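# here's a sequence, model it:
(one chain, ligands or ions: 3)
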Amino acid sequence: HTQDFSVSTKPLHGKPGRVPVGIGRRRMRIVVTGGAGFVGSHLVDKLIGRGDEVIVIDNFFTGRKENVVHLFGNPRFELIRHDVVEPILLEVDQIYHLACPASPVHYKYNPVKTIKTNVMGTLNMLGLAKRVGARFLLTSTSEVYGDPLQHPQKETYWGNVNPIGERSCYDEGKRTAETLTMDYHRGDGVEVRIARIFNTYGPRMCLDDGRVVSNFVAQAIRKQPMTVYGDGKQTRSFQFVSDLVDGLVALMEGEHIGPFNLGNPGEFTMLELAEVVKDTIDPSATIEYKPNTADDPHMRKPDISKAKELLNWEPKIPLREGLPLMVNDFRNRILNEDEGKGS
Ligand code: NAD
Ligand code: UDP
Ligand code: UDP
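Ligands and ions are numbered 1, 2, ... in the order given. Coordinates of the predicted model:
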């Protein structure tokens, strides 16, 4: 594994004849798969905001039209209801491939569908990239490191993953997606980028997706106890979504293939996270202990020196600043839900 895949040789393309955007850059047509989801919709906002054309492909498994409804009517925005497990023909310059259920509750709901999305969905998007000469970015995950024996995790670590566990449809699925991505690069010369995303939070997260930040925030707003799984001493590192979006764009536009860890190195136990939520939302919030789930990684923290050095990227928003930025969105949606039930 000594070969260096970190530098791609082909220049950034942009089709001749496209409308110029700003100085020295032409408008691009960009596909975002999973663009109606949490991360995808924020990415789409950024791409539309800088003047590009965006096509979202989403099957609405976990994504919602509400996340992109503010873009309806914008002539540079298009939304296609489509499952990436099926082939699709489009003409585009770049592909951000995010489509995949991301929270444990969702990806375990139909594990076979999750692995099909990761394998066949990624294959189709790579086939598309190959046919039209588009640059392809895969959103992989810190879960490729499994329950890590190295801490913090560097991109060179090969991971400690259970191939037959309940999480395998997701983590082995993403590992295969990374493999396919590198094979299309080596075999077919497709320009590729790989991001390994660590736990991310922010507005538009699914309210009931079972992830720890959305659970604690929703529970504190609803005046329910925050559910801490296990002893609460396991750790995670939480990144605010705008930092991630900046990292994904820097990776796509840069010259390096990766993989790159994109995450916030600030590390918290679940009990510490509960404290931050309590301070932010409701000082009287309580916690309740519940049994932990199978194969839960004990700790997770990215080493981001590679992204800092090669992409000139690092997260800017610490947990205590980012959490308040999602509370209003959660309050409004919980209020709407409650009103819906009452009517
Ligand atoms: P999300 O569930 O909000 O978004 C995923 C989107 O993909 C949804 O809109 C969903 O409807 C769509 N989708 C799922 N299967 C599809 C299919 N077969 N065809 C078409 N669309 C499909 O999740 P997210 O948090 O926005 O995650 C986006 C990506 O980032 C995922 O690939 C995920 O694995 C990766 N990631 C996220 C995190 C995180 O903390 N949020 C961490 C690591 C990796
Ligand atoms: N594919 C697609 N859109 C395209 C080109 C390809 O969805 O524009 C799909 C295609 O149906 C195939 C996959 O991508 O299932 C891989 O394509 P590739 O050309 O690499 O492989 P092949 O079709 O030769 O098996
Ligand atoms: N967790 C928790 N309470 C919850 C949901 C999750 O204590 O209500 C814990 C979970 O056991 C895990 C951590 O929070 O140790 C992160 O879980 P999440 O599902 O958010 O993400 P992932 O396991 O994919 O990192």
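# so which bits of the stretch 1-150 of the chain are right by ligand 3?
Within reach of ligand 3 by Cβ under 6 Å from any ligand atom, the stretch 1-150 of the chain has these residues: Ser103, Pro104. (C-beta placed from N, C-alpha, C; glycine too.)
# can you pull out the strands in the stretch 1-150 of the chain?
29-33, 53-58, 77-81, 94-97, 135-141 (DSSP state E, counting those that start in this stretch).
# so which residues make contact with the longest one?
Defining contact as Cβ atoms under 8 Å, 6 or more residues apart in numbering, one finds that strand 135-141 is touched by 12-13, 34, 39, 93-98, 100, 102, 122, 125-126, 129, 170-171, 174, 177-178, 181, 184, 190-197, 248, 251-252, 259.
# and it, how far from the chain's centre?
Centre-to-centre, strand 135-141 and its host chain are 9 Å apart (Cα atoms, centre = their mean, to the nearest Å).
# buried ones in it?
Arg135, Phe136, Leu137, Leu138, Thr139, Ser140, Thr141 (16 or more other Cβ atoms under 10 Å).
# Provide a list of residues in contact with the closest residue to Lys223 other than its chain neighbours.
Excluding its sequence neighbours, the residue lying closest to Lys223 (Cβ to Cβ, 6 or more residues apart in numbering) is Asp282, at 7.3 Å. Asp282 sits next to Ala220, Ile221, Lys223 when contact means Cβ under 8 Å, 6+ apart.
# tell me how far Val68 lies from ligand 2.
Val68 is 22 Å from ligand 2, where distance means Cβ to the nearest ligand atom, to the nearest Å.
# okay, that residue: pLDDT?
With respect to pLDDT, Val68 scores 98.
# before we move on, what about the one 10 residues further on?
pLDDT for Glu78: 98.
# pairing partners for the closest residue to it other than its chain neighbours in the sheet, please.
Nearest in space to Glu78, with sequence neighbours left out and distances taken as Cβ to Cβ, 6+ apart, is Ile55 at 4.6 Å. Judged by DSSP bridges, the bridge partners of Ile55 are Val31, Glu78.
# equivalent analysis for Glu288, please.
Beta-bridge partners of Glu288, counted by DSSP bridges, are Thr227.
# how much space between it and Tyr229?
Counting by Cβ to Cβ, to the nearest Å, the gap between Glu288 and Tyr229 amounts to 10 Å.
# near ligand 1, which residues of the stretch 1-150 of the chain?
Going by Cβ under 6 Å from any ligand atom, the residues of the stretch 1-150 of the chain near ligand 1 are 33-34, 36-40, 57-63, 83-85, 98-102, 117, 121, 139, 141.
# how does it look with 5 Å?
Residues of the stretch 1-150 of the chain lying close to ligand 1 (Cβ under 5 Å from any ligand atom) are 34, 36-39, 58-59, 61-63, 83-84, 98-100, 102, 117, 139, 141.
# so of the residues you listed, which ones are in helices?
By the criterion of DSSP state H, membership of these in helices covers Phe38, Val39.
# residue contacts, Glu288?
Contacts for Glu288 (Cβ under 8 Å, 6+ apart) come out as Pro225, Met226, Thr227, Val228.
# also Gly202?
Counted by Cβ under 8 Å, 6+ apart, Gly202 has contacts Phe38, His42, Phe240, Val241, Ser242, Gly322, Leu325, Met326.
# is the residue nearest to Ile30 when sequence neighbours are not counted bridged to anything, and to what?
Spatial nearest neighbour of Ile30, chain neighbours left out: Gln94 (4.6 Å); criterion: Cβ to Cβ, 6+ apart. For Gln94, the beta-bridge partners are Ile30, Arg135 (DSSP bridges).
# ok, Ala195 next?
Assigned bridge partners for Ala195, using DSSP bridges, are Thr139, Phe260.
# ditto for Arg236
Beta-bridge partners, per DSSP bridges, of Arg236: Phe268.
# so it is in contact with Thr200, correct?
No. With contacts counted by Cβ atoms under 8 Å, Arg236 stays clear of Thr200, the gap being 10.6 Å.
# and the gap between Ile115 and ligand 3?
In this view, Ile115 and ligand 3 are 16 Å apart by Cβ to the nearest ligand atom.
# tell me the spacing between that residue and Trp158.
20 Å.
# more crowded one of the two?
Neighbour comparison, Ile115 and Trp158: the larger count goes to Ile115, with 21 against 12 (by other Cβ atoms under 10 Å).
# residues touching Ala220, list them.
With contacts defined as Cβ under 8 Å, 6+ apart, Ala220 is in contact with Met226, Val277, Lys278, Ile281, Asp282, Ala285.
# just the buried ones among these, please.
Among these, those classed as buried by 16+ other Cβ under 10 Å are Met226, Val277, Lys278, Ile281, Ala285.
# any chance of the residues you listed in a markdown table with secondary structure, distance to ligand 1 and pLDDT as columns?
Listed next are those as a markdown table, based on DSSP: H, G, I helix; E, B strand; the rest coil; distance: Cβ to the nearest ligand atom, whole Å; pLDDT from 0 to 100:
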| residue | secondary structure | distance to ligand 1 | pLDDT |
| --- | --- | --- | --- |
| Met226 | strand | 19 | 98 |
| Val277 | helix | 17 | 97 |
| Lys278 | helix | 22 | 97 |
| Ile281 | helix | 20 | 96 |
| Ala285 | coil | 23 | 96 |
